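Chemist: Pasted the sequence and its predicted model underneath.
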Amino acid sequence: MVVIEMNQIFKSFPIGKKELEVLKGIDLYIHKGEMVAIMGASGCGKSTLLNIIGCLDTLTSGEYRLNGDNIAEKNKKQMAKIRNEQFGYIIQDFALIMEDTVWENILIPLDYSKKKITKKRVNELLIRFGLEKMRKTRVSLLSGGEKQRVAIVRALVNEPDIILADEPTGALDSVTGQEVIKILREICDSGKTVIVVTHDKNIAQSCDRILHMKDGKIQLSDLDIV
């Protein structure tokens, strides 16, 4: 089942009186339950593409369908609902509130969602990721790996269908990075779609497919990873 379908996606940003074209005719199909890596040099458009996939930014032209629905036809309220309920976001610098506790950070997405998520569900996630004894700990006191696990639990707490990760191992040492890679693979194997922007070849080799980007275009798609 195709969950993400993009046809001739262009994205430009105004720079003074000119337009900087960042995405240049992206065609992309991602299936439910796939783990896909997006790779390429800095500035090639990877994060911009991820932001458009996650409805954090709008496209300039082209067609983006999410689960068959044309995103361009959604109003602001509908877009907010899609962001809050269909996607979970994991980024390199964690984006956690450092002076809040682990528990308080994990519950943030529930303030914006109408999904009925029980405390039992949250506790199950804490146990699954080894955070149950840290629930009352301030995030500022955690290690980098622990912070990333908190960010992963926060991304999962709304039970989204799609996880978007932007350089999730970029701020971690190699051992902790391997742990995060394993977690992302397990999340995908549980039935979720995982899309990762990365420079990390270890992450890419754990994916079902690699999309190589250059100058705002997808140059190559590796269908089989050996």
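Modeler: Received it, and whenever you're ready, just let me know what you need.
Chemist: Helix, strand, or coil at Ser140?
Modeler: Following DSSP: H, G, I helix; E, B strand; the rest coil, the label given to Ser140 is helix.
Chemist: Relative to Thr137, how far out is the closest residue to it other than its chain neighbours?
Modeler: Excluding the flanking residues, the one nearest Ser140 by CB to CB, 6 or more residues apart in numbering is Met98, at 4.1 Å. Yep, even glycine has a C-beta here, placed from its N, CA and C like the rest. Going from Met98 to Thr137 by CB to CB, to the nearest Å gives 11 Å.
Chemist: same thing with Ile187?
Modeler: Distance, Ile187 to Thr137, using CB to CB: 23 Å.
Chemist: of those two, who's got more company?
Modeler: Ile187 (20 against 15; other CB atoms under 10 Å).
Chemist: my read: that one touches Leu156, true?
Modeler: Yes. If you go by CB atoms under 8 Å, Ile187 and Leu156 touch, sitting 7.2 Å apart.
Chemist: Contact partners for Phe10?
Modeler: Going by CB atoms under 8 Å, 6 or more residues apart in numbering, Phe10 touches Glu21, Leu23, Lys24, Gly25, Ile26, Leu59, Thr60, Ser61, Gly62.
Chemist: right, and out of those residues, which lies closest to Ile195?
Modeler: Checking the contacts of Phe10 against Ile195 with CB to CB, the nearest one is Ile26 at 13.2 Å.
Chemist: Need phi/psi at the closest one.
Modeler: phi -80, psi 130 (degrees, to the nearest 10).
Chemist: Please state the backbone phi and psi of the residue nearest to it when sequence neighbours are not counted?
Modeler: Nearest in space to Ile26, with sequence neighbours left out and distances taken as CB to CB, 6+ apart, is Ile9 at 4.0 Å. Per-residue torsions, Ile9: phi -80, psi 120 (degrees, to the nearest 10).
Chemist: Kindly report the same for Cys207.
Modeler: Phi and psi for Cys207, reported as degrees, to the nearest 10, are phi -90, psi 160.
Chemist: Kindly report the same for Val194.
Modeler: Dihedral angles for Val194 - degrees, to the nearest 10 - are phi -120, psi 130.
Chemist: tell me the contacts of the residue nearest the centre of the chain?
Modeler: Nearest to the geometric centre of the chain sits Leu164, at 1.1 Å (CA atoms, centre = their mean). For Leu164, the contacting residues are Leu50, Ile53, Gly54, Phe87, Gly88, Tyr89, Ile90, Ile195, by CB under 8 Å, 6+ apart.
Chemist: And Val153, by the same measure?
Modeler: With contact taken as CB under 8 Å, 6+ apart, Val153 is in contact with Ile106, Leu125, Leu126, Phe129, Leu131.
Chemist: which one is Thr101 nearest to, not counting chain neighbours?
Modeler: Closest to Thr101 by CB to CB, 6+ apart is Lys136, at 5.4 Å.
Chemist: returning to that earlier point: from the contacts of Val153, pick the one nearest Asn202.
Modeler: Phe129 (19.8 Å).
Chemist: Look at the closest one and report its pLDDT.
Modeler: For Phe129, the pLDDT comes out at 90.
Chemist: Quick check: the gap between it and Val3.
Modeler: According to CB to CB, Phe129 and Val3 sit 25 Å apart.
Chemist: before we move on, the earlier item: list residues touching both of Ile187 and Leu156?
Modeler: Residues touching both Ile187 and Leu156 (CB under 8 Å, 6+ apart) are Ile163.
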